[in-house]
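Trainee: Coordinates for the following, if possible.
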Amino acid sequence: MGKSGPQRRSDCGVKRGFLLGKFMPPHAGHLSLIRAARALVDELTVLVCWLPGDPIPGETRLSWMRALAPDCRIVGHGAVVPQAPGDSADFWPIWRGIVGEAHPEPIDYLFAGEDCGAELARQVGGLFVPLGGRVLGLADPVAGLSASAVRADPAAHWPYLPEPVQAHFRRTICLHGAESTGKSSLAAALAHQSGALVVGEYGRSHCEAHQGPLTLDDLLLIGRAQTAMIAAARDWAGPLLIADTDALMTAAWCEMLRGTRPPELMQAASCDLYLLFEPDLPWVDDGTRFFADPAERHRFAMIVEQVLVDAGVPFARVSGQGEARLAAALAAIGAME
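Mentor: Here you go, the predicted model:
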């Protein structure tokens, strides 16, 4: 047999691999690289790097990576250090030290999806294994994913994001307003426009199933049930989840009907944005509504708004008729950070 070339140091023992990245956020490209790398070695160490002020906190990414790659050694590094060779004459000595601390054992394979991995491998003594399409210039939609592109438009990359990252970027919008302000019809229009999942209004179902005055216990159940429905729907939602109402609206109902605002409802899990519907639409009696009198309707609208103010949640006003009302709601959603 001919010569096989220089042997790796672990040919007679454990084969170890190493890779690093910011994973801001982790996506299918990262995870594909990690899973392929893990299949090639006995032990794989992944170094998660971050700086203060990163768009996604480093500790959050470290936690994600530990959950997403449980069969790897996941190590974090958050000190302020040079990020490119041009930043400091000591760039490579600094990074050799960082890698050595994260992976004190000899490295057999240095995995990377970008061409900078070749020099890093030379510096730390491992064999460069260029997994991933970006280093090779391949037109691979997974290997070519960019974390910065994901951050700029998470919805466009949703199928390529793991569950904890989806949860981070998912936004829940609550429609909040007095009776006959168009919440349910606008929920349907928003769902049609955005493809979002809509959580319906439990209170309406409760009132239709149980005729008679609403007691405080009824209202507490309505608030709890609505909160539970929203939480359950998040597992199935895409980038946007729309709630027809939530416990804060039930708190407003409690104050209007019972003269009290239960702390339990005010402290329930809140949504990311509340669309506060102005009472500028004609009153329509659908058989479940209470306050047809203009004075009562106005009082209820004031309570509804004050609940949001007192809860300290972000909200945007929505007014206008027809398409103008829909456009105002879409603009408010689009303005979210």
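
Trainee: Mind jotting down where the helices sit in the stretch 1-150 of the chain?
Mentor: Applying DSSP state H, counting those that start in this stretch to the stretch 1-150 of the chain gives helices spanning 28-40, 58-68, 91-102, 116-124, 133-136, 147-152.

Trainee: Worst mean pLDDT among those helices?
Mentor: Set side by side, the helices of the stretch 1-150 of the chain give their lowest mean pLDDT on helix 133-136, at a mean of 53.

Trainee: Dump the helices of the stretch 1-150 of the chain into CSV; add mean neighbour count and distance to Ile230 as well.
Mentor: C-beta coordinates here come from the backbone N, C-alpha and C atoms, glycine included. Output for the helices of the stretch 1-150 of the chain, formatted as CSV (neighbours: other Cβ atoms under 10 Å; distance: least, Cβ to Cβ, whole Å):
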stretch, mean neighbour count, distance to Ile230
helix 28-40, 19, 28
helix 58-68, 18, 23
helix 91-102, 16, 41
helix 116-124, 17, 44
helix 133-136, 17, 38
helix 147-152, 15, 25
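
Trainee: which residues of the stretch 51-200 of the chain score low on pLDDT?
Mentor: By pLDDT under 70, the low-scoring segments of the stretch 51-200 of the chain are 133-141, 143.

Trainee: what about the strands in it?
Mentor: Taking DSSP state E, counting those that start in this stretch, the strands of the stretch 51-200 of the chain run over residues 73-77, 109-111, 127-129, 171-177, 197-199.

Trainee: re earlier: now the helices of the stretch 1-150 of the chain in CSV, with distance to Ala225?
Mentor: Output for the helices of the stretch 1-150 of the chain, formatted as CSV (distance: least, Cβ to Cβ, whole Å):
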stretch, distance to Ala225
helix 28-40, 36
helix 58-68, 30
helix 91-102, 48
helix 116-124, 52
helix 133-136, 48
helix 147-152, 35
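
Trainee: Out of the ones you listed, which is closest to Phe169?
Mentor: helix 147-152 (8.4 Å; Cβ to Cβ).

Trainee: With Gln226 as the reference, name the closest of the helices of the stretch 1-150 of the chain.
Mentor: Taking the helices of the stretch 1-150 of the chain one by one with Cβ to Cβ, helix 58-68 is closest: 28.4 Å.

Trainee: what's the angle from the closest one to strand 73-77?
Mentor: Relative orientation of helix 58-68 versus strand 73-77 (axes from the mean of the first three to the mean of the last three Cα atoms, to 10 degrees): 170 degrees.

Trainee: and helix 58-68, what other elements does it pack with?
Mentor: Applying 3 or more Cβ pairs under 8 Å, 6 or more residues apart in numbering; DSSP states H and E, we find helix 58-68 packed against strand 43-49, strand 73-77, helix 163-169.

Trainee: for Arg73, what are its contacts?
Mentor: Neighbour list for Arg73: 43-46 [criterion: Cβ atoms under 8 Å, 6 or more residues apart in numbering].

Trainee: Can you tell me how far Met336 is from Met302?
Mentor: Taking Cβ to Cβ, to the nearest Å as the measure, Met336 falls 26 Å from Met302.

Trainee: Same question for Phe18.
Mentor: In this view, Phe18 and Met302 are 61 Å apart by Cβ to Cβ.

Trainee: of those two, who's got more company?
Mentor: Neighbour count, other Cβ atoms under 10 Å: between Phe18 and Met302, Phe18 has more, with 27 against 14.

Trainee: So what touches stretch 148-160?
Mentor: Under Cβ under 8 Å, 6+ apart, the answer for stretch 148-160 is 24-25, 27-29, 55-56, 141-142, 145, 161, 166, 169, 238-240.

Trainee: is it possible to export the strands of the stretch 51-200 of the chain to CSV including distance to Leu265?
Mentor: Output for the strands of the stretch 51-200 of the chain, formatted as CSV (distance: least, Cβ to Cβ, whole Å):
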stretch, distance to Leu265
strand 73-77, 39
strand 109-111, 51
strand 127-129, 56
strand 171-177, 13
strand 197-199, 17
